[in-house]
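A.B. asks: next come a sequence and a model predicted from it.
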Amino acid sequence: MKNERFVLIMAGGEGARFWPYSTSDFPKQFLSLFGNNTMMEKTFDRMNKLVPQENIFVSTNKRFFNLTHKYLPKLSPGNIITEPIKRNTFPAMALFLATLKQRGISGTVIMVAADHIIGDEEHFLNICRKAFEIAENKGKIITFGIVPTRIETNYGYLHPETAYNFNDINYYGNVNFVEKPNYEKAKIFYKEGGYFWNSGIFTFDIDNLLSEIKNIVAGDYELISKYIKRKIKLKNFFENLTANSIDYIIMEKSKNIVMLKSDFIWDDVGNWEALFRLKANKNGNVIEGNIDCKNIKNSIIITDNYEIKAKNLNNFIFVEKDGKCLFSSIDGLKYIKEALKDFRGKKNYKSENVKVEGMNTEYLVVGLNNMEIKCQVDTIFIKQSKM
């Protein structure tokens, strides 16, 4: 397996922003939000067109080993690399690199998330092949910069300054990593061009990335070396690695990063708002379940177990799963992860003048104003109240 091409699927997240569908025991990558297959399965099948299944690895938390094996039965259990605790993507990457080196494996790797949506699949795979070529022949770490299709404040951006060409492949260097902008800055980025969404997709040679780690965070490299030589136990190794993202620790600091301009359809499906982009009807709504709506615009209403009667709603989110209910404004979605801290079944968070009656199940109200919510047996009534 030396000097081959590999795929690493990052699947350790918990997807709290998709509550109540996604929970700490059943995170987003195992949801089937778009069709019958889970996002994890879709990612595996897509990447299996690029490399053989024995060259695909999944990095996940040890709690999700059984779920990963259930949904990816073709994947060898030895290719599921489990983090002992959740500590962000840099420790997960370090464990992956050390594990492969222990097995005597070298080659190039493309790292992708388990829970992103990608369209224009063949075009995406062609860009992946170009990334492999650059990594193998130029020794670079390649990041995929997505061509923006809208003004967007929820993504970090890439701003490259220098153009290169190798074997008719255009790529860009002197890449600046830009924090998530406010709306005015995002508008400028979109209008002027030259700024790209940071997809979090990277391609690298295993030994080259280890060299970058050695140059940038020597202490972490020393830990990795000890683990490769089996001079330190997994628990001590993992707990002493720097707990931050691979982007922050390595990619933003490396002088060896280049960018491939990527114009395939991409969405990180960060929260429920993504459904507007991917599933909305002509009225801008996503409606699933037994629902009676009147004067509803730009809203998501999804239920399995209730009849919903809703009227006079705009920019509103209601999602119910197994009796657990989320009521939120679109703006409130960014607070869900925060709101779930210390959640004990019923909570109003950053909401004003919201009247809730008859709800005997778990519910979370986030970022709403002047709403009336009333549950009668198996029916929930939702309406905008008068100011």
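C.D. replies: Thanks, I have the structure now.

A.B. asks: tell me what the closest residue to K355 other than its chain neighbours is bridged to.
C.D. replies: Nearest non-adjacent residue to K355, counting by Cβ to Cβ, 6 or more residues apart in numbering: E372, 5.0 Å away. Heads up, the C-betas are built off the backbone N, CA and C, glycines and all. Beta-bridge pairing for E372 (DSSP bridges): K355, K383.

A.B. asks: show me the contacts for E372.
C.D. replies: For E372, the contacting residues are V354, K355, F381, I382, K383, Q384, S385, by Cβ atoms under 8 Å, 6 or more residues apart in numbering.

A.B. asks: what pLDDT does it get?
C.D. replies: In this model, E372 is scored at 94, pLDDT.

A.B. asks: phi, psi of V365?
C.D. replies: phi -110, psi 120 (degrees, to the nearest 10).

A.B. asks: over to A11?
C.D. replies: phi -140, psi 40.

A.B. asks: neighbours of the nearest residue to it once chain neighbours are set aside, how many?
C.D. replies: Spatial nearest neighbour of A11, excluding adjacent residues (Cβ to Cβ, 6+ apart): A114 at 3.7 Å. By other Cβ atoms under 10 Å, 28 other residues sit near A114.

A.B. asks: spit out the contact partners of A114.
C.D. replies: Contacts of A114 by Cβ under 8 Å, 6+ apart are I9, M10, A11, G13, Q29, M39, M40, T43, V58.

A.B. asks: now do the helix or strand containing M93: which elements does it pack against?
C.D. replies: Assigned by DSSP states H and E, M93 belongs to helix 89-102. Where contact means 3 or more Cβ pairs under 8 Å, 6 or more residues apart in numbering; DSSP states H and E, helix 89-102 is packed against strand 4-10, strand 56-61, strand 80-83, helix 206-216, helix 218-228, helix 234-240, helix 246.

A.B. asks: turn those into JSON lines, including mean neighbour count.
C.D. replies: Below are the helices and strands packed on helix 89-102 laid out as JSON lines (neighbours: other Cβ atoms under 10 Å):
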{"stretch": "strand 4-10", "mean neighbour count": "22"}
{"stretch": "strand 56-61", "mean neighbour count": "23"}
{"stretch": "strand 80-83", "mean neighbour count": "19"}
{"stretch": "helix 206-216", "mean neighbour count": "18"}
{"stretch": "helix 218-228", "mean neighbour count": "17"}
{"stretch": "helix 234-240", "mean neighbour count": "15"}
{"stretch": "helix 246", "mean neighbour count": "21"}
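
A.B. asks: between those, which gets nearest to W266?
C.D. replies: Proximity to W266 (Cβ to Cβ) singles out strand 4-10 among the helices and strands packed on helix 89-102, at 15.2 Å.

A.B. asks: got the angle for that closest one vs helix 206-216?
C.D. replies: Orientation check (axes from the mean of the first three to the mean of the last three Cα atoms, to 10 degrees): strand 4-10 against helix 206-216 gives 60 degrees.

A.B. asks: what comes up buried for the next helix-or-strand element following strand 4-10?
C.D. replies: Elements were assigned by DSSP H and E; along the chain past strand 4-10, the next helix or strand is helix 39-47. Neighbour counts over helix 39-47 (16 or more other Cβ atoms under 10 Å) mark M39, M40, E41, K42, T43, F44, R46, M47 as buried.

A.B. asks: nearest to N314, of those?
C.D. replies: Using Cβ to Cβ, these come closest to N314 at M39, 28.9 Å.

A.B. asks: name the nearest residue to that closest one, ignoring sequence neighbours.
C.D. replies: D115 (4.5 Å).

A.B. asks: now that neighbour: which helix or strand?
C.D. replies: Using DSSP H and E, no helix or strand contains D115.

A.B. asks: again with F65
C.D. replies: helix 65-71.

A.B. asks: just the buried positions in that helix, please.
C.D. replies: Within helix 65-71, the residues scored as buried using 16+ other Cβ under 10 Å are L67, T68, Y71.

A.B. asks: now do that helix: which elements does it pack against?
C.D. replies: Partner elements for helix 65-71 (3+ Cβ pairs under 8 Å, 6+ apart): helix 39-47, strand 80-83.

A.B. asks: can you tell which of those is closest to E192?
C.D. replies: Nearest to E192, of the helices and strands packed on helix 65-71 and by Cβ to Cβ, is helix 39-47 at 32.2 Å.

A.B. asks: which outside residues touch that closest one?
C.D. replies: Contacts of helix 39-47 (Cβ under 8 Å, 6+ apart): 7, 9, 11, 28-35, 37, 53, 56, 58, 68, 71-72, 74-75, 110, 112-118, 121, 124-125, 269.

A.B. asks: ok, residues contacting the longest strand anywhere in the chain?
C.D. replies: Using DSSP state E, we find that the single longest strand of the chain is strand 300-314. For strand 300-314, contacts defined as Cβ under 8 Å, 6+ apart pick out 272, 275-276, 285-299, 316-323, 375, 378-384.
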